[in-house]
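**Student:** what's the 3D shape of this:
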Amino acid sequence: MRLSLAWCGEDPFLPPETWALRAYPSLIYFHQTEKGGHFAAWEQPELFTAETRAAFRSLRSSRHAGQH
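**Tutor:** All right, here's what the predicted structure looks like:
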């Protein structure tokens, strides 16, 4: 199963990407934002939407890479 993580800058704990990769080998997207907290979708809906789209963008591009 593929996993995407977007950590918000106002969260109390921001793990290094190396830790996330070690814990989740199927990690396909990792990004730390400057805004938002635990309730990012409510606090920063535009940013949350942009992060969700960016995560799925990597799936779309990898899926289409094998198709010609």
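**Student:** what about the strands in the chain?
**Tutor:** Taking DSSP state E to define them, one finds strands in the chain at 3-7, 27-32.
**Student:** who does the longest one pair up with?
**Tutor:** Think strand 27-32. Strand 27-32 pairs in its sheet with strand 3-7 (parallel), by DSSP bridges.
**Student:** just to revisit the earlier point, go through the strands of the chain and pick out the most buried.
**Tutor:** Neighbour counts (mean count of other C-beta atoms under 10 Å) averaged over each of those peak at strand 3-7, with a mean of 17. C-beta: built from backbone N, CA, C; applies to glycine.
**Student:** Give me the contact list for that one.
**Tutor:** Counting by C-beta atoms under 8 Å, 6 or more residues apart in numbering, the neighbours of strand 3-7 from elsewhere in the structure are 14-15, 20, 24, 26-33, 40, 48, 51-52, 55-56, 58.
**Student:** now do 7 Å
**Tutor:** In this structure, residues lying in contact with strand 3-7 by C-beta atoms under 7 Å, 6 or more residues apart in numbering are 14, 20, 24, 26-33, 51, 55.
**Student:** In these, find the pair that's most separated.
**Tutor:** Taking C-beta to C-beta, the two most distant members of these are Ser26 and Thr33; they sit 21.6 Å apart.
**Student:** neighbour-wise, which of the two wins?
**Tutor:** Here Ser26 and Thr33 are compared on neighbour count by other C-beta atoms under 10 Å; more neighbours surround Thr33, at 18 against 9.
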